[in-house]
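Participant: mind looking at a prediction? Sequence and model below.
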Amino acid sequence: FEDTQNAIKSVEQNATDEYRIIIVDNCSDDAEKLHLLKDDRTDVIYMKKNLGYARGNNEGAWFAVRENEPDYLVFMNSDVIIREKSTIEDIIEACEQEGTIGGQPIVNTYSNNLEPNRQINIRRVRTYSDVLINSNLFMRCIFSKKHQKTFYRELMPYNTRVKYEVPSGAFFVIRADIFSEIEGFDDRTFLYNEEEMLGYKVKKINQAFIFEPKHIVDHMQGMST
């Protein structure tokens, strides 16, 4: 709950537009639940069992769409901290300027020793051959250029906006109407690869995301799992 409280505080300190926070509690114990309190800007949804990433986020999204009718949804892990004012608002502005349905800043993973703009943040939807190459270190070495293309290696270090296909599952923005149109995350999964499946759905309707590297959020990877 400490991570969740810190994440909420970072939203409150840096948001400059109207917002509402939806916390999805994936069946934590009673001691944890006591610290997740509803207030004027926060709702808490309690699940009866751990639904995992996809179904848990879908529950939060459908609640937000039903109760608040938002223009945009922000998916944010509970172990993410927003650093700067207007991070979300600037991403939304970039979406509208570039004609995309969503986007993200640099997601800085603390356990990664690389500079934030050299970390893998954005990806292309992989082909079947890409998946096979990625599954084996030997194959990744042989087909290194093809493998590196899946995560836009040619654009590193990330310094300028770029349209891309697969967002970071830790933090990204998407238009609420589009998320509803593609029926959200694939809830047959529990954890991992949901964002790639979402990117596949977005690509199928000829849409894309925008990467706005002028902002950074910090991801304490693994804390929420």
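Facilitator: That came through, no problem.
Participant: now the strands for this structure?
Facilitator: Per DSSP state E, the chain carries strands over the ranges 21-25, 42-46, 72-76, 80-82, 102-109, 162-164, 171-175, 209-219.
Participant: now tabulate those strands in JSON lines and tack on mean neighbour count.
Facilitator: Any C-beta I mention is one placed from the backbone N, CA and C, and that applies to glycine too. JSON lines is the format used below for the strands of the chain (neighbours: other Cβ atoms under 10 Å):
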{"stretch": "strand 21-25", "mean neighbour count": "19"}
{"stretch": "strand 42-46", "mean neighbour count": "15"}
{"stretch": "strand 72-76", "mean neighbour count": "23"}
{"stretch": "strand 80-82", "mean neighbour count": "23"}
{"stretch": "strand 102-109", "mean neighbour count": "24"}
{"stretch": "strand 162-164", "mean neighbour count": "18"}
{"stretch": "strand 171-175", "mean neighbour count": "24"}
{"stretch": "strand 209-219", "mean neighbour count": "22"}
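Participant: can you redo those as CSV with mean pLDDT?
Facilitator: Below are these laid out as CSV (pLDDT from 0 to 100):
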stretch, mean pLDDT
strand 21-25, 94
strand 42-46, 91
strand 72-76, 98
strand 80-82, 97
strand 102-109, 97
strand 162-164, 97
strand 171-175, 98
strand 209-219, 96
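Participant: so which of these gets nearest E93?
Facilitator: Nearest of these to E93, taken as Cβ to Cβ: strand 209-219 at 8.6 Å.
Participant: just the CA trace of the closest one, in CSV.
Facilitator: C-alpha atoms of strand 209-219 as CSV (Å, rounded to 0.1, in the frame of the first residue of the first chain):
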residue,chain,number,x,y,z
PHE,A,209,0.8,5.6,-30.1
ILE,A,210,3.1,8.5,-29.7
PHE,A,211,6.3,8.5,-27.6
GLU,A,212,7.0,11.8,-25.8
PRO,A,213,10.5,11.5,-24.4
LYS,A,214,10.6,15.0,-22.9
HIS,A,215,9.0,13.5,-19.7
ILE,A,216,10.2,10.6,-17.6
VAL,A,217,8.3,8.5,-15.0
ASP,A,218,10.1,6.2,-12.6
HIS,A,219,9.2,2.5,-12.5
